[in-house]
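Colleague: Build the 3D model from these lines:
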Amino acid sequence: MKKTRTFVACALAFAASAHADCLTDAQAAEMASQYFAKAPAANLEGLSEADGACSRAKFNALLEKRLGPAVGYKAGLTNPAVQKRFGYDKPVWGKLYKGMVLPDGATVEAAFGARPLFEADMLVRVKSADINLARTPMDVLQAIDQVIPFIELPDLVVLAPPKLNGPAINAINVGARLGVAGKPIPVPATRAERYAMLDALRDMNVVLTEGTGIQLGQGKGSDILEHPLNAVVWLAQALAREGLAMKPGELISLGSFSPLLPPKPGLKATATYHGLPGAAPVSVVFK
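Modeller: Model (predicted):
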C-alpha cells in the first residue's frame, strides 16, 4: 500500500512538473497586454510541447476577449527552411481572429507589431467539415471552395525572437497579427480540373518582390510539406488531438513560401504565384 501511495505521489509530481512552465494567468495577461501595446514581451524559454499548447490556450482566451471569436487557423513552421531557423522539426498552429485579414493593397504601419515581419503565404477557405478527415491534398481540395493569395504579417512578439523555439512559437499563437488577402481562386468543379490545380499548387513558384520589381524572396509550392495542402492535413490531425475542428467558412493559413522579412516604411511588397492559373498578385504597402 505504501509503495502504491509513493508511486501515485511520484506520478502526480511528474505530471505537475511537466506543465510547470505553462504561463501562469498573470504571465499570459502580461503577454497579452504587451501584444496589444505592440511592445516586446518577455521571452518564453524552457517550454515543453505541452507547456506551449497550454500557454497558447491561455493567450488565445485573452485575444478572443478583445478581438472576438476566431475566424480560422494558421499552420506555422510548415517550411523546412523556417523550421531550421527556429530549430524545430515539426509544424505548429495558431488561431486567426476577426480583423486580422485585410484586403489586397492595404496600407499598414511598418511597426504593426512588436517584432513585425512579412512573408508570402496562402489561405484556403473551408467548405465542408469533411476537411477534418482529410488525409491527402485531394481530400483537402474537395473540402475547400477557395484558394487565396496571401501576404502574412506575423509578429514574433518577444524581446529576442532568435531564442524562440517550437513550443514558444506555439505559446505566442504562432505570431498571428495581420495579413493581406488577394483575389480568391474558386476550386474547380470537375475532377480533372482539380487534379490540374493540385499539380499547379505543388509546382508553382511564389515570388515576393518590392515596388520596383526587385526580388525579395521566393519558394515553390512543394516547399510546404511537399504540397501546400498537406499543411491542412497536418492541421486537421493536430486540432483533433486537442478536441478541436475546422468549420465551414473558416480561413486556413498554410505557411511561408518565402523568408520572413522585416517591413520598412515606404516599401510595397507583392507576392506573385507563377504557374497557378487564376492567381492574381497580392500586395501590401508599409507606411
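
Colleague: Return the list of strands paired to the helix or strand where residue 285 lies, each annotated with direction.
Modeller: Per DSSP states H and E, residue 285 falls inside strand 282-286. Strand pairing for strand 282-286, using DSSP bridges, gives strand 107-108 (parallel), strand 268-274 (antiparallel).

Colleague: Rebuild the ones you listed as CSV, extending it with mean neighbour count.
Modeller: For every residue, glycine as well, the C-beta is placed using N, CA and C. Shown next, in CSV, are those (neighbours: other CB atoms under 10 Å):
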stretch, mean neighbour count
strand 107-108, 16
strand 268-274, 21
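
Colleague: what about these, which gets the closest to residue 147?
Modeller: Of all the strands paired with strand 282-286, the one in closest proximity to residue 147, counting by CB to CB, is strand 268-274 (9.2 Å).

Colleague: Can you mark which positions in stretch 49-61 are buried?
Modeller: 51-60 (16 or more other CB atoms under 10 Å).

Colleague: Other residues contacting it?
Modeller: Contacts to stretch 49-61, defined as CB atoms under 8 Å, 6 or more residues apart in numbering, come from residues 18-23, 25, 28, 31-32, 35, 44, 47, 70, 92, 94-95, 166-173, 242.

Colleague: Format the strands paired with strand 282-286 as TSV; extra columns: mean pLDDT.
Modeller: Formatted as TSV, these follow (pLDDT from 0 to 100):
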stretch	mean pLDDT
strand 107-108	98
strand 268-274	98
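
Colleague: right, so of these, which gets closest to residue 203?
Modeller: Nearest to residue 203 among these is strand 268-274; the distance by CB to CB comes to 9.7 Å.

Colleague: Is there a neighbour count for residue 135? I'd like the number.
Modeller: Close neighbours of residue 135, defined as other CB atoms under 10 Å, add up to 11.

Colleague: Now do the contacts for the residue nearest to it when sequence neighbours are not counted.
Modeller: Spatially, and ignoring its direct neighbours in sequence, residue 135 is nearest to residue 233 (6.2 Å; CB to CB, 6 or more residues apart in numbering). Shown in contact with residue 233 (CB under 8 Å, 6+ apart): 134-137, 139-140, 225.

Colleague: now swap in residue 268 and tell me
Modeller: 210-211, 283-286 are the contacts of residue 268 under CB under 8 Å, 6+ apart.

Colleague: again with residue 118
Modeller: 151-154, 260-263, 269, 284.

Colleague: For the residue nearest to residue 135, give its distance to residue 124.
Modeller: Per CB to CB, to the nearest Å, residue 233 is found 12 Å from residue 124.

Colleague: Now list whatever residues contact both of those two.
Modeller: Contacts common to residue 233 and residue 124, judged by CB under 8 Å, 6+ apart, are residue 140.

Colleague: Name the helix or strand for the most centrally placed residue in the chain, please.
Modeller: In the chain, the centroid-proximal residue (CA atoms, centre = their mean) is residue 74; its distance is 3.1 Å. Assigned by DSSP H and E, residue 74 belongs to strand 70-76.

Colleague: Just the mean pLDDT for that strand, thanks.
Modeller: What strand 70-76 shows for mean pLDDT is 97.

Colleague: what helices or strands is it leaning on?
Modeller: Applying 3 or more CB pairs under 8 Å, 6 or more residues apart in numbering; DSSP states H and E, one finds that strand 70-76 contacts strand 92-97, helix 230-241, strand 251-253.

Colleague: following the first one, which helix or strand shows up next?
Modeller: Meaning strand 92-97. As assigned by DSSP H and E, the chain's next helix or strand after strand 92-97 is strand 101-103.
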